[in-house]
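Novice: Kindly generate the corresponding structure for this input.
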Amino acid sequence: MKTTTFLTFVGDQCGKAEEAMHFYASIFPNSEIKNIQKYADGEAGGTPELIKHGVFTLNGTHYMVSESNYNHAWSFTPAVSIFISDTEGTLIQELFEELSSNGGQVMVPLENYKGEGDYGFGKKFGWCEDKYGISWQFVLLDQ
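Specialist: Numbering: from 1, shown residues only. Alright, predicted model coming up:
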C-alpha cells in the first residue's frame, strides 16, 4: 500500500496549480515536477490550460495535483497541512519565510517553544499558509 497527498485546486485557486508546483519545486531541495497532463479541449471538469493530473516531488516525497473549474463547496483548509521536520534550522527558517510571504500568512510564528507554550515537537515550531491556501507546519528537531 502507498499513500500520496492529493491537492485539488478549485475556486479562487483554480488555474494556479502549475505555478504552485513550480514554486514548491524551486524552494525545496531534491524536488521536481514529474508530470503534468492538461484537460483536452471540451473535456468535462476543466479547460486546456488547467491541470487534469500532475505529479511533483518535495525532497523525494510525491504529491499529486488537479484543478477543477466546477463550482465546488470546498477548498483547502488548515485542518489538513503538510508537516515539515528537519534538524537544519536555516532550511526550516528559509522555507517558512518563502511559503508565508507574498500573499501567504503566518498562523503560528516559527519560534522556540521549549518551556512555556512547549508544543512538544522540537526546538522550534511554526505554522503558515502559502499564497495558494495550502497549510504548512514546521518543526526544528533536536539533533
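Novice: so the nearest residue to Pro109 once chain neighbours are set aside, which of the three states?
Specialist: Distances taken as CB to CB, 6 or more residues apart in numbering place Gly126 nearest to Pro109, at 5.9 Å, with adjacent residues excluded. C-betas here are computed from N, CA, C, even on glycine. With DSSP: H, G, I helix; E, B strand; the rest coil as the basis, Gly126 sits in strand.
Novice: worst-scoring helix or strand of this structure, pLDDT-wise?
Specialist: Within the chain, no helix or strand scores below strand 105-112, which has a mean of 91 by mean pLDDT, DSSP states H and E.
Novice: neighbouring contacts of that one?
Specialist: The contact list for strand 105-112 (CB atoms under 8 Å, 6 or more residues apart in numbering) reads 78, 92-93, 96, 100, 123-129, 135, 138.
Novice: Next: stretch 134-143.
Specialist: 7, 20, 76-78, 80-87, 89, 92, 95-96, 99, 107, 110, 121-130.
Novice: swap in stretch 30-38?
Specialist: For stretch 30-38, the external contacting residues (CB under 8 Å, 6+ apart) are 18, 21-22, 24-25, 46, 48-60, 62.
Novice: mind running it again at 6 Å?
Specialist: Applying CB atoms under 6 Å, 6 or more residues apart in numbering, the contact partners of stretch 30-38 are 21, 25, 48, 51-60.
Novice: Cross the residues you listed against helices and list the overlap.
Specialist: Among the contacts of stretch 30-38, the residues falling in helices (DSSP state H) are Met21, Ala25.
Novice: Where does the prediction get shaky in this protein?
Specialist: 113-121 (pLDDT under 70).
Novice: At the geometric centre of it, which residue do we find?
Specialist: Ile134 (4.9 Å; CA atoms, centre = their mean).
Novice: How much space separates it from Asn30?
Specialist: According to CB to CB, to the nearest Å, Ile134 and Asn30 sit 19 Å apart.
Novice: again, but for Thr57
Specialist: 8 Å.
Novice: mind listing what Thr8 touches?
Specialist: Ser66.
Novice: what about it, which helix or strand?
Specialist: strand 5-9 (DSSP states H and E).
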